[in-house]
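>>> Got a sequence here, can you build the structure:
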Amino acid sequence: MVASVEHRASSVAPFPAAPTDVTHINDGPRGPELDLEGVQPEDEFFGGCIRTHPEISQKGNPLNYVTPDSKLPPILIAHGDQDDLVPFQQSVLMYDKLKECNQLVEFYKVLSVGHGIYMWTAEMIDIVVRFFEMYLK
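As a prediction, this is how the structure comes out:
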């Protein structure tokens, strides 16, 4: 038997950027190592081809869980504009949905940075520290 456990975070900063709607993952540029006509990492995760069966991914798409009635903590999104693993547009989709649903969100486009640790500049660290100091009191 699996028990449900409710946990409330006081603030959230998802790093590195993650897909928010895999049915639109290939709408933005992706790295040359990904064969956009072949099997995608997301296909393997969801157990089938998302392009031909988008319904298999719906329970795993974070956008589906953001509503005006959602009780979400403040969210900080930062995404490199050169990310070729998770396209920058994925964070734009989440930001737009959060704003549309009147959720508290901050969004930073990190210029000339791809996926991973390279976004951790002194400026970005200051932004993250300030964000958590504001909401972890």
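
>>> So which residue is smack in the middle of the protein?
For the chain, the residue whose C-alpha lies nearest the mean C-alpha position (CA atoms, centre = their mean) is Ala18; its distance is 3.7 Å.

>>> Helices of this protein, start to end?
Using DSSP state H, the helices of the chain run over residues 41-46, 89-100, 122-135.

>>> Check which helices and strands the longest one sits against.
Secondary structure elements in contact with helix 122-135, counted by 3 or more CB pairs under 8 Å, 6 or more residues apart in numbering; DSSP states H and E, are strand 75-80, strand 105-110. No exception for glycine: its C-beta is placed from N, CA and C like everyone else's.

>>> ditto for the first one
Applying 3+ CB pairs under 8 Å, 6+ apart, one finds that helix 41-46 makes contact with no other helix or strand.

>>> Outside of it itself, list whatever touches it.
Contacting residues not belonging to helix 41-46 are listed as 19, 22, 25, 34, 49-50, 56-57, 60 [CB atoms under 8 Å, 6 or more residues apart in numbering].

>>> Could you list the low-pLDDT ranges of the chain?
Where the chain drops to pLDDT under 70, the residues are 1-7, 36.
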